[in-house]
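**Q** coords please:
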Amino acid sequence: MKKLLNFIDDHLLEFIAVFLIVFIPIYPKFPLFDILPGYIVRARLEDILMLIAFATFGLYLLRGKVSLRNNPLTWPIAIYAIVGLLSSLSAMFITQSVPLEPNHVGKMFLHYFRRLEYFSMFFIVFSSIKSLNQVKKYIYVVVIVLLIVSVYGFAQKYLYFPAFSTMNREFSKGWALYLTENARVLSTFGGHYDLAGYLMMTLTLLLSLIMTMRKKIIQLGLIILFIFSFWILILTSSRISFIAYLGSVSLAVAGVYYWDRKKTKAVISFVVIMSFSLFIMLSFGDLSTRFGGLIKNEQLNSLIEKARNPFAKKPTQNAQFLENNPLALSDQQPLPSKPSKPTKPSDVTNNQPIYVIATNAAGESTLTAVPRQYSDNALKYDLSTAIRLDKLWPQAISGFTSNPIFGSGYSTLTKSSKYEFTEAESTDNDYLRSLGETGLAGFISFFGIIGYVLFLSFRVIRKTTDPIIAATVIGISSAVIGLLANALYIDIFEASKVAFTLWGLVGILIATVKLIEIGSKVQTKKKEVRFK
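**A** This is a model prediction of the structure:
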């Protein structure tokens with residue numbers, strides 16, 4: 001019995017870390033209860049489990065079973081936590097952008113503590129890893145989780161498995177939804193952007209494993225999984241995640257070449273992966289159409305359309321057009337010489353009017369249909385881009401200018417007046433959000449953590465001969481850079497499932513870096529002893 005208890009005590013953090021790595025991406029975002037009345041962010045089972053897990057980590061810390069001294073990110077994360085607290089105090093007492101009322105103050109600190117909650121995943125995973133063999137087990141688990149997420153996304157699209165969205169307050173109550181023809185896949189995540197960011201990260205890691213794997217049968221299985229998961233990425237129709245994916249897998253190929261110096265393999269791998277990715281994107285799904293809606297270049301869009309329909313021919317100026325009666329030809333409908341101005345954005349498929357209640361002088365109420373009005377940016381690009389250009393990004397810049405050092409505080413960028421209580425927060429650009437909410441201090445301290453992670457990982461790539469360990473360092477660091485590209489268009493670091501996965505992977509990465517460095521020092525000492 002004593003041996004069993006000692007075994008559990010020695011491996012409990014490992015069990016907890018593996019469980020969280022599996023549970024968080026797979027378990028849908030079912031709400032448990034409201035944290036603040038009328039607010040979209042609710043407490044979920046993952047929050048309760050993270051609280052228990054971090055409390056367990058705290059007990060191990062008090063007992064001396066784990067330490068923060070050997071963790072390279074302890075101080076950078078502590079600095080960010082201090083800056084976030086100072087930004088919150090500044091929002092209440094200096095810029096006064098957060099009223100001293102329970103709901104407003106509570107919402108601001110809710111977002112502050114959620115940032116710290118995401119970091120707790122890093123400390124738990126990092127502290128649970130004691131050997132490189134353990135790192136490999138964690139990577140195998142990540143691959144299995146990717147398979148499960150992808151299978152559910154496929155079933156959601158083609159077999160009508162339910163989706164649980166958090167895209168608005170009503171959906172976030174836990175409604176079981178079913179995808180329509182034009183809906184984007186979200187699998188077990190709360191939105192398609194979150195799923196796309198997760199897939200970008202894990203596909204990058206998977207490609208690194210494929211390129212370094214020496215067992216052919218395992219390599220073949222990973223290739224099949226890569227193709228399958230990539231198709232799910234296409235079904236999300238996320239433009240920025242696809243661009244980030246192209247960049248991160250390119251970095252992964254370069255990283256593998258830097259590690260093994262096999263130039264021919266690197267060139268062939270790059271050509272194959274780029275050709276495959278672009279061919280699938282252009283040939284299937286509506287991702288290429290969404291790129292065309294954003295890039296207003298007739299020649300480029302013509303090339304995209306040509307790639308999608310290589311045998312299609314445009315009618316000549318003298319061509320005859322069919323009327324509603326397909327058997328009757330008409331010469332009264334010449335080909336338009338100039339396209340008409342669009343009446344709705346390219347990404348709007350259902351242009352239903354807005355219904356408002358109007359009351360007349362007699363007190364009678366009637367329901368009136370009012371046509372939807374769209375901005376010039378919405379008609380020029382699409383609704384998704386226009387929301388950013390017309391409102392979200394300017395408001396973030398305004399938050400930054402109100403206090404360039406500490407910003408206007410967490411959860412203050414979407415409201416139009418000081419006392420407005422918004423039900424959700426979004427800037428759709430994590431750099432602007434960081435500057436707007438926490439100013440230069442928060443921006444530098446947060447992205448400084450990521451920069452330091454990349455610096456540590458790049459130093460050790462050539463110090464290991466183990467292909468799986470090399471793939472771990474290359475894949476995760478490349479995925480982190482890809483996520484930085486993702487952050488240009490969405491608030492990816494605040495998406496809970498992506499954020500937990502990111503900091504879990506960073507925990508694996510930094511633990512791997514430390515173990516490689518320790519092994520490298522041991523080897524150096526052995527060589528010195530032999531030399532003497």
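**Q** can we go C-alpha only for contacts and neighbour counts from here?
**A** OK.
**Q** tell me the contacts of the closest residue to Tyr152 other than its chain neighbours?
**A** What sits nearest to Tyr152 in space, not counting adjacent residues and going by Cα to Cα, 6 or more residues apart in numbering, is Ser187, at 5.7 Å. Contacts for Ser187 (Cα atoms under 8 Å, 6 or more residues apart in numbering) come out as Val149, Ser150, Tyr152, Gly153, Phe154, Gln156, Ala163, Leu195.
**Q** in helices, which of these appear?
**A** Val149, Ser150, Tyr152, Gly153, Phe154, Gln156, Leu195 (DSSP state H).
**Q** could you check how far the last one is from Val498?
**A** Per Cα to Cα, to the nearest Å, Leu195 is found 8 Å from Val498.
**Q** any idea how far Gly439 lies from Ala495?
**A** Distance, Gly439 to Ala495, using Cα to Cα: 20 Å.
**Q** please name the spatially closest residue to Val105 (chain neighbours excluded).
**A** Nearest to Val105 is Val98, by Cα to Cα, 6+ apart, at 6.6 Å.
**Q** torsion angles phi and psi at that neighbour?
**A** Main-chain torsions, Val98, degrees, to the nearest 10: phi -120, psi 110.
**Q** wait, Ser477 sits on Ser457?
**A** Yes. Ser477 sits in contact with Ser457 when judged by Cα atoms under 8 Å, with a separation of 6.8 Å.
**Q** overlap in contacts of these two?
**A** Leu509.
**Q** one step back: ok, Gly439 and Ala495, which is more surrounded?
**A** Gly439 (27 against 20; other Cα atoms under 10 Å).
**Q** what's the spacing between that one and Gly399?
**A** Taken as Cα to Cα, the span from Gly439 to Gly399 is 8 Å.
**Q** which residues are common contacts for those two?
**A** With Cα under 8 Å, 6+ apart, Gly439 and Gly399 have common neighbours Gly407, Ser408.
**Q** sec struct for Leu110, please.
**A** helix (DSSP: H, G, I helix; E, B strand; the rest coil).
**Q** surely Pro37 is in a strand?
**A** No. Pro37 is assigned coil when assessed by three-state DSSP, not a strand.
**Q** could you count how many residues lie near it?
**A** Residues lying near Pro37 (other Cα under 10 Å) number 11.
**Q** residue contacts, the residue most central in space within the chain?
**A** For the chain, Gly197 is the residue whose C-alpha lies nearest the centre (Cα atoms, centre = their mean; 3.0 Å). Contact partners of Gly197, counting by Cα under 8 Å, 6+ apart, are Ser241, Leu483, Asn486, Ile492, Val498.
**Q** ok, now how distant is the residue nearest to Val105 from Ser150?
**A** Taken as Cα to Cα, the span from Val98 to Ser150 is 41 Å.
**Q** one more: Ala17?
**A** Per Cα to Cα, Ala17 is found 22 Å from Ser150.
**Q** give me the buried positions along stretch 171-178.
**A** Neighbour-count burial for stretch 171-178 flags Phe171, Ser172, Lys173, Gly174, Tyr178 (criterion: 16 or more other Cα atoms under 10 Å).
**Q** pretty sure the first one contacts Ser165?
**A** This means Phe171. Yes. Judged on Cα under 8 Å, Phe171 makes contact with Ser165 at a distance of 5.6 Å.
**Q** check the offset of stretch 108-117 from the chain's centre.
**A** Taking Cα atoms, centre = their mean, to the nearest Å, one finds stretch 108-117 lying 18 Å from the centre of the chain it belongs to.
**Q** over to stretch 8-23?
**A** On Cα atoms, centre = their mean, the centre of stretch 8-23 falls 24 Å from that of its chain.
**Q** so which bits of that stretch are buried?
**A** Buried residues in stretch 8-23, defined by neighbour count with 16+ other Cα under 10 Å: Leu12, Leu13, Glu14, Ile16, Ala17, Val18, Leu20, Ile21, Val22, Phe23.
**Q** doesn't the fourth one fall inside a strand?
**A** Translated: Ile16. No. Applying three-state DSSP, one finds Ile16 to be helix, outside a strand.
**Q** can you pull the pLDDT of the closest residue to it other than its chain neighbours?
**A** In this structure, Ile16 finds its nearest non-sequential neighbour in Ala53, 6.7 Å apart by Cα to Cα, 6+ apart. You'll see Ala53 listed with a pLDDT of 97.
**Q** please apply the same query to Ala378.
**A** So Ala378 comes in at 62 (pLDDT).
**Q** tell me the first helix or strand C-terminal of the host helix or strand of Leu203.
**A** Taking DSSP states H and E as the definition, Leu203 sits inside helix 192-212. Later in the chain than helix 192-212, the nearest helix or strand by DSSP H and E is helix 216-236.
**Q** who's in contact with that next one?
**A** 146-147, 150, 153-154, 184-186, 192-193, 195-196, 199-200, 203, 206-207, 209-210, 213, 242, 281, 285, 287.
**Q** now stretch 498-515: how far from the chain's centre is it?
**A** Its chain's C-alpha centre and that of stretch 498-515 lie 16 Å apart, by Cα atoms, centre = their mean.
**Q** show the average pLDDT along that stretch.
**A** Stretch 498-515 comes out at a mean pLDDT of 97.
**Q** again, but for stretch 29-49
**A** The average of the pLDDT scores along stretch 29-49 is 91.
**Q** who's more crowded, Ser477 and Ser457?
**A** Ser477 (29 against 19).
**Q** where does that one sit, in terms of helix or strand?
**A** Using DSSP H and E, Ser477 sits within helix 467-486.
**Q** average pLDDT across that helix?
**A** pLDDT averaged over helix 467-486 gives 97.
**Q** flag the shaky bits of this structure, pLDDT-wise.
**A** Within the chain, the ranges that satisfy pLDDT under 70 run 285-365, 367-370, 372-382, 520-532.
**Q** ranges for the strands of it?
**A** For the chain, the strands defined by DSSP state E cover 31-34, 42-44, 321-322, 329-330, 354-359, 365-370.
**Q** number of nearby residues for Arg214?
**A** 12.
**Q** please name the nearest non-neighbouring residue to it.
**A** Pro467 (7.9 Å).
**Q** so what's that neighbour up against?
**A** Contacts of Pro467 (Cα under 8 Å, 6+ apart): Leu209, Thr212, Met213, Arg214.
**Q** who wins for most neighbours among those residues?
**A** Counting by other Cα under 10 Å, top hit in the contacts of Pro467: Leu209 with 27 neighbours.
**Q** identify the residues contacting the closest residue to that one other than its chain neighbours.
**A** Distance criterion Cα to Cα, 6+ apart; nearest residue to Leu209, sequence neighbours excluded, is Ala471 at 5.2 Å. Ala471 makes contacts with Leu205, Ser208, Leu209, Thr212, Val256, as judged by Cα under 8 Å, 6+ apart.
**Q** recalculate using a threshold of 10 Å.
**A** 139, 204-213, 252, 255-256, 259, 461, 477 (Cα atoms under 10 Å, 6 or more residues apart in numbering).
**Q** likewise Gly399?
**A** By Cα under 10 Å, 6+ apart, the contact list for Gly399 reads 95, 97, 393, 406-409, 412-414, 432-439.
**Q** from the residues you listed, which land in helices?
**A** Using DSSP H, the contacts of Gly399 in helices are Trp393, Leu432, Arg433, Ser434, Leu435, Gly436, Glu437, Thr438, Gly439.
**Q** my guess is the second one meets Phe400, correct?
**A** Yes. Taking contacts as Cα atoms under 10 Å, Leu432 lies within contact range of Phe400: 8.2 Å.
**Q** about what we covered before: from the buried residues of stretch 171-178, pick the one nearest Met108.
**A** Closest approach to Met108 among the buried residues of stretch 171-178 (Cα to Cα): Ser172, at 19.9 Å.
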